[in-house]
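Q: I need the structure of the sequence given here:
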Amino acid sequence: MSEIIAEVRLPTQELRDDLPFFTERLGMRLDMIYPADDPQVAVVSGHGLRLRIERDATEPPGTIRLLADDPDAVAGGARELTAPNGTRIEVAEKNPPLVLPPTQHSFVVRRLADQAPWIVGRAGMQYRDLIPDRLGGSIIASHIRIPDGGPVPDMVHYHKVGFQLIYCYRGWVDVLYEDQGGPRRLTPGDCFIQPPEIRHRVLEASDGIEVIEIGVPALHITEIDHDMQLPTAQVRPDREWQGQKFVHNRAADAVWQPHRLPGFIARDTTIADNTQGVAGVQVLRRGAGKTDWAAHDADIHFTFVLEGTMRLEGEGRDPFDLTAGDAFVIPPGYRTRYADPSPDIELLEVTLPGQVEVRT
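A: The predicted model follows:
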């Protein structure tokens, strides 16, 4: 295939005014200018961009964003500039630090019967929002499904997050992960923790696959890695990404122990240990004894009802009768009780941080 060059055209009224701005102020290179006796078009390039600046072009001036490792070294440290032709220039950090907004605590109940809309998202997957207010942007919890299975049109990508969990609710899905060998199959009850910026690609899913995905913060960036090929040649199961290790926890290997809530047992997914306490993930089932009122000290306490039924009681609120597919968030210090849990009750509990104290 012959080489193709792309240009972005910008208007100008006076080329002599714009050229010094783009070449001297922004450090771009002049590649072409014509006609010689009365220049009307100039082409400049730099920073991965090629611009055609054309006298009396009909397009609006537009905005150019320059992303730099050291923004202070660009354009004399200015963060916003305007070219003589009206084009706005924004200078920003190429890799800004992840900002975790403070949690705006609230008591949230999201029921499947309320018929919240399913939104078509990335790679054709359908998303149902489980925390509508997202606690002020501190967390997003999604119920994700792919009705028709088969190969997934995904690319190698990564997420700039503080914490991310994928829990398989129904069906199965195959995923490749950086430095973790060949495809890994997630089946019902299994979960992955995807450390910050680990490269991965979804390969194939069964019909009716459903997963629960947790992301912190709610608004985070997904970037495509066009250079990495998966699987990688090396296998490094103990590698850390920003202090977190990849976890593939299998339901088949579960060990059940008493949970901190009376009347329940739990399976620890080892995520608290492998994130250095950033988050904890447990699956709860009915245990021996009565349930009781309790309050926790976690910043975020999210629960999804996987199976069974229960009545969620909260101080000063009417009780909520919950069933499979429902979700809720309990703010710290707020007393609740999981009343009348059915024998087959199963709950997915996610807390940040991973270590939580409960007061009954």
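Q: doesn't R25 make contact with V44?
A: No: counting by C-beta atoms under 8 Å, V44 stays clear of R25, with 11.5 Å between them. Where C-beta positions appear, they are placed from N, C-alpha and C, glycine not excepted.
Q: neighbour-wise, which of these two wins?
A: The neighbour comparison of V44 against R25 (other C-beta atoms under 10 Å) goes to V44, with 22 against 15.
Q: quick one: which helix or strand includes that one?
A: strand 41-46 (DSSP states H and E).
Q: now that strand: buried residues?
A: Residues V41, A42, V43, V44, S45, G46 are the ones in strand 41-46 that count as buried (16 or more other C-beta atoms under 10 Å).
Q: now do the helices in the stretch 1-150 of the chain.
A: In the stretch 1-150 of the chain, the segments counted as helices under DSSP state H, counting those that start in this stretch are 15-20.
Q: any stretches of it with poor pLDDT?
A: Scanning the stretch 1-150 of the chain for pLDDT under 70 picks out the ranges 1, 122-124.
Q: and the strands in it?
A: Assigned by DSSP state E, counting those that start in this stretch, the stretch 1-150 of the chain shows strands spanning 8-12, 29-34, 41-46, 49-55, 63-68, 80-82, 88-93, 108-110, 119-120, 126-129, 140-146, 150-151.
Q: what residue in the protein is the furthest from its centre?
A: D37 (54.5 Å; C-alpha atoms, centre = their mean).
Q: phi first, then psi, for that residue.
A: Main-chain dihedrals, D37, degrees, to the nearest 10: phi -80, psi -30.
Q: for it, give its distance to G215.
A: 59 Å (C-beta to C-beta, to the nearest Å).
Q: domains in the protein, by residue range?
A: As assigned by automatic domain parsing, the chain contains the domains 8-93, 108-249, 253-359.
Q: between these, which gets nearest to V99?
A: domain 108-249 (7.1 Å; C-beta to C-beta).
Q: any idea how far the closest one is from the chain center?
A: Relative to the chain's own centre, domain 108-249 is displaced by 8 Å; criterion: C-alpha atoms, centre = their mean, to the nearest Å.
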